[in-house]
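K.L.:
Would you be able to build a 3D model of this:
(chains A and B)
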Amino acid sequence: MSLRPAETRTIPLPERLAAVVDTLGSIVVGKQTPLRLALACLLARGHLLIEDIPGVGKSTLAQALAATLGLQYARVQFTSDLLPADVLGVSIFDPATHAFRFHSGPIFHSIVLADEINRAPPKTQSALLEAMEERQVSIDGNTRPLPDPFFVIATQNPAEQIGAYPLPESQLDRFLMTIELGYPEPAAERELLLSGDRRVRIADLAPCADAATLLAWQREAAAVHVAPALLDYVQALLAASRGAGATASGSAHRGLSPRAGLLLVAASRAWALLAGRPMVLPEDVQAVFPAVAGHRLAGSARAGGPQAKTLLRAVPLP
Amino acid sequence: MKENTAPTPLTRTQLGVLAALLLCAQMPLWAHIDRWISVVGTALVIARLVFPFDRSNLRNLRRWLLPGFALAAAIGIRVEYGYFLARDPCVAFLYVLVGIKFLEARGTRDGALLVCLALFLALTQFFYAQTLLAAVAAMPALLATGIALAVLRTSAAASEPWRPHVRATARLILQGVPIAALLFVLFPRLAAPLWGSPLESGARTGLSESMSPGSISDLSLSDEVAFRVEFSSAPPPPSQRYWRGPVFARFDGATWRPLYKLRSGQFVPPSGRAADYTVTMEPHGKLWLFALEHPTGPPHAPNPDAPAGAATEALAIVTYDQQLLAKAPITQAVRYTVRSATVDTFAALGNDASDNLQLPHGNPRTIEFARDLRARSASDRAYITAVLDWFRTESFVYTLSPDLLDRDPVDGFLFDTHRGFCEHFAGAFALLMRAAGIPSRVVTGYQGGEMNPTGEYMIVRQSDAHAWAEALLDGKWQRIDPTAAVAPSRIERGIGAALPAGERIPYLARIEMTWLKSLRLHWDSVNYHWQRGFVGFNLERQHDFLRDIGLKGAPPWRIVALLAAAAFIWGISVLGFSRLRRSRDDAEVALWRRACRKLARAGLERRPDEGPLAYADRAAVRWPAVAALIKAIAERYALLRYGPAAARTEESVAQLRASVSSLPPARELRAT
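P.N.:
So this is what the prediction gives:
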């Protein structure tokens, strides 16, 4: 859905945030909604899971986000023999100082792209996911804080592909949103084919923000007003997700947890901030709901997205 | 039917709730309609639950099987009852029909139709009984109706979708009770029902229009209540409790029948001890009203305040033979007040003597015996005494199971078997009188009655049915009860005391008071008050009530104002103050709804889940000319409803109101 900044009675949208959206749009062409969702996810201090086939621009998106926001970026390619130490880092004995020195892993970056996370064995997956939850890493008895902001973009191949370890539900729950990028529109694809790979342009991007600005934006997002009437609506959605029986599809069905409700409100706030609104509207909730609820309802964006949309249709505004 | 217009099929839950509703509606009728019909109708309902019909075999069902079912049911019912267009077969047909309809029900529209049918079916039980039990038995169907309606409207998505509706429906019903009570009391009542409830021939127990051996002893096996009596004076002693009913003067040797002609008579003059009482009579389908021998005036609708004998409309006329006849058959419970003088004689009319001397052929030994005995008696009175003495001294047995006699039954009874019931004694006595030249006839009715220890009223049951005789002596009809000579305890203490041990007597007619009998009497008392207070709340009682609360003859607006005030109080107490207060807070919601309604009438409806800005976007595309206004309305509304409380000012609400008012009318919008 398209949401334009409201003409009247809105706080002025921070210009740099608008610039971020524009810049991102110039790199990842024709993906307005996933881009905004990814940014909203970042503003809501959540982590993002992109579920799609290789080659649709997942890592381009991650790199572009890092570059535009002026954040450090690291990429971990998950493989079947990846060990937790490869992600978190390792202590190595330094003969010069006669002591162990910690070599930090790629996780110590503000934006971490965990590529093809479901190709790694569960042990490695869980090491990453613990770091995501705690925002700190404990190695050899030392607790090391991760940078703030800390944002993990994980990608996974559709579960039906060969060599995939599907993420268990409890770990899927660590991600605020799951989105699909999908194939580009014909016009966007033509532009892509004409101008070549966008990734080379990322290096030339001037950052629109820095870590401190992003933290300020995150605080601002958390302060967006939520009215009782809106909470009524959120609760109606939660109740409907719990009441909806296994009639919609054959899969085992799960209702949304209270934490999912909290995250839904946080994501809606970020979305409202992106739209330049001082308060959350039902439209904001509806915009983020499929991404937030999809993988919680059915275990994957592909299966859960349509379910989430059906649920939205079934719940009238209070 | 095109595939895309096919109704959404009923879910398991909806089917289950509908089945429960139909069973609840069918259940009270089990007591009233034929066994096999109730089994078939209920089996059809259960069959739908047990065998899930999918679309393809449903189509075959609809096309071939169901019309066949319906036809077979109609024919079967016609054969069973022998007729079709009457209450019983039609109710039975409806009973089966809901099952057939349920079998083919597919979508929610079928479901809604079934709810209507079930409601109607649930009402039909009141054709049979309007007791408290019947009202209670209707409750499950009422509750199930609400649940079914709610479940039919719920989307298929919700699991466990019927449980919350139980409570909601119960609450709705309870909330409706005050309104129902108010309307019950105040809604104008008709003096007579618009249509009489159909009455089956022979469906009611009660006295019949002729008397042959066995007709009263059959009745004596029934515990059913004939009528109940409240005495405002002291009740007469048991031996005086003769409730007069049909009188028979024509005898063909076996059966007693009334005279062909019907003439009006006169009430007896007040004398002796007077008894004032009010009778509540169960419907019996005939014209008779029962009164103690002999009434001194016509029966009136009971009116506690009016002085006795005040001029109100008489409910019945009195005939020459002192029967009270109503103007129409008693098909509903009726209440009337009568005053009687407890005397056993009344004056005869002109040709009573000649009308009551006819002798049939046959029974030669009886006639011979009567003439012989009369010849040996000094007077008519002496003859009567002699006959009664003879009854007393011969070994006559008062029994419910006399021997069957086909030729000359009176001869057989008097001289061979000596076993008979009151109709034998009364009939034989009347014949003995006639044979001796004394005009005589048979009177049937009820004798006795039992005081209910709890309700302060007397119950007269069918088992109190009785027959006695009257003889014309010196220009006066004299009551003579030959049964009293044979079995005096029948008159003094009722049939239970008079019958020999081992006879089959109805339970409630037995004289010992057991806890079960006491329980039954208590229950009867509850039912009696139900009948008086609710079922019998008719035009007169409504007038009384209105007069008691000072509204009698009040101008209609006062009643309307009272109703409005009551409705207001009800609304406040049921809907609650909180909702009233919130409605003021939610002025913007009302305004927004107004705008949405206007746009919906203009052809663009808001989806229930559509947010204000999204809807405004759609509307802006549809009506570019007023796009800015529509968007402004949506944004103002969004800010008021979802914005911080500080943004809520009277001014911004006023702005929203002004914007909504400036929307062009739907008519204009539709044109653009």
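K.L.:
can you count the residues close to the residue nearest to B:V343 when sequence neighbours are not counted?
P.N.:
In space, and not counting its chain neighbours, B:V343 is closest to B:G272: 4.7 Å by CB to CB, 6 or more residues apart in numbering or on different chains. Yep, even glycine has a C-beta here, placed from its N, CA and C like the rest. Neighbour count of B:G272, defined by other CB atoms under 10 Å in any protein chain shown: 16.
K.L.:
low-scoring stretches of chain A, by residue?
P.N.:
A:1-14, A:159-163, A:244-253, A:299-301 (pLDDT under 70).
K.L.:
who's in contact with the one residue sitting closest to the centre of it?
P.N.:
Nearest to the mean C-alpha position of chain A, counting by CA atoms, centre = their mean, stands A:L48 at 1.9 Å. Neighbour list for A:L48: A:37-38, A:41-42, A:151-154, A:175-179 [criterion: CB atoms under 8 Å, 6 or more residues apart in numbering or on different chains].
K.L.:
And these, which is closest to chain B?
P.N.:
When the contacts of A:L48 are compared for distance to chain B (CB to the nearest CB), A:L37 wins out at 17.2 Å.
K.L.:
Could you chop chain B up by domain?
P.N.:
B:12-161, B:215-515, B:586-671 (automatic domain parsing).
K.L.:
got TSV for those domains, with distance to A:P54 and mean pLDDT too?
P.N.:
Shown next, in TSV, are the domains of chain B (distance: least, CB to CB, whole Å; pLDDT from 0 to 100):
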stretch	distance to A:P54	mean pLDDT
domain B:12-161	36	83
domain B:215-515	85	83
domain B:586-671	35	87
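K.L.:
of those, which approaches A:A64 most closely?
P.N.:
domain B:586-671 (28.6 Å; CB to CB).
K.L.:
what about B:A647, how many neighbours?
P.N.:
16.
K.L.:
Any figure for the gap between it and B:R636?
P.N.:
As defined by CB to CB, to the nearest Å, B:A647 lies at a distance of 10 Å from B:R636.
K.L.:
and if you look at B:F429?
P.N.:
99 Å.
K.L.:
Could you do B:K327 as well?
P.N.:
Distance, B:K327 to B:R636, using CB to CB: 72 Å.
K.L.:
How about A:R269?
P.N.:
A:R269 is 22 Å from B:R636, by CB to CB.
K.L.:
quick revisit: same list (the contacts of A:L48) but as TSV, adding distance to chain B, secondary structure and neighbour count.
P.N.:
Listed next are the contacts of A:L48 as TSV, based on distance: CB to the nearest CB, whole Å; DSSP: H, G, I helix; E, B strand; the rest coil; neighbours: other CB atoms under 10 Å in any protein chain shown:
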residue	distance to chain B	secondary structure	neighbour count
A:L37	17	helix	26
A:A38	22	helix	25
A:C41	21	helix	29
A:L42	24	helix	26
A:F151	28	strand	27
A:V152	31	strand	24
A:I153	29	strand	27
A:A154	31	strand	29
A:F175	25	coil	27
A:L176	22	coil	24
A:M177	20	strand	25
A:T178	22	strand	27
A:I179	20	strand	26
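K.L.:
can you pull out the strands in the stretch 351-500 of chain B?
P.N.:
B:397-398, B:419-420, B:440-447, B:450-452, B:457-461, B:465-473, B:476-480 (DSSP state E, counting those that start in this stretch).
K.L.:
Indicate which one of these is closest to chain A.
P.N.:
strand B:450-452 (54.1 Å).
K.L.:
and the closest one, which residues are buried?
P.N.:
The neighbour-count check on strand B:450-452 (16 or more other CB atoms under 10 Å in any protein chain shown) flags B:E450, B:N452 as buried.
K.L.:
so what strands line up beside it?
P.N.:
Its sheet considered, strand B:450-452 pairs with strand B:457-461 (antiparallel) by DSSP bridges.
K.L.:
quick one on the thing from earlier: quick one: the residue nearest to the centre of chain A and B:S463, what's the gap?
P.N.:
Taking CB to CB, one finds A:L48 at 88 Å from B:S463.
K.L.:
Same question for A:V288.
P.N.:
In terms of CB to CB, A:V288 sits 80 Å off from B:S463.
K.L.:
and the residue lying closest to B:V410 once chain neighbours are set aside, how many neighbours?
P.N.:
In this structure, B:V410 finds its nearest non-sequential neighbour in B:N363, 4.5 Å apart by CB to CB, 6+ apart. By other CB under 10 Å, 26 other residues sit near B:N363.
K.L.:
and what of the one 5 residues further on?
P.N.:
Here the number of neighbours of B:E368 (other CB under 10 Å) works out to 12.
K.L.:
I figured the residue nearest to B:V343 hits B:A341, correct?
P.N.:
Yes: the criterion here is CB atoms under 8 Å, and B:G272 meets it with B:A341 at 4.9 Å.
K.L.:
if I look at the residue nearest to the centre of chain A, how far off is chain B?
P.N.:
Using CB to the nearest CB, to the nearest Å, we find A:L48 at a distance of 25 Å from chain B.
K.L.:
Give me the phi and psi for that residue.
P.N.:
The phi/psi pair for A:L48 (degrees, to the nearest 10) reads phi -120, psi 140.
K.L.:
Repeat that for the one 3 residues further on.
P.N.:
Geometry field for A:E51 lists phi and psi as phi -120, psi 110, criterion degrees, to the nearest 10.
K.L.:
Would you mind listing the residues in contact with it?
P.N.:
Here A:E51 is in contact with A:T155, A:Q156, A:N157, A:P158, A:T178, A:I179, A:E180, A:H295, A:S300, A:A301, A:R302 (CB under 8 Å, 6+ apart).
K.L.:
Could you dump those into CSV with secondary structure added?
P.N.:
As requested, those are exported to CSV (DSSP: H, G, I helix; E, B strand; the rest coil):
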residue, secondary structure
A:T155, strand
A:Q156, strand
A:N157, coil
A:P158, coil
A:T178, strand
A:I179, strand
A:E180, coil
A:H295, helix
A:S300, coil
A:A301, helix
A:R302, helix
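K.L.:
Give the buried subset of those residues as a ChimeraX selection command.
P.N.:
Buried subset of the contacts of A:E51, written as a ChimeraX selection, criterion 16+ other CB under 10 Å:
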select /A:155,156,157,178,179,180,295,300,301,302
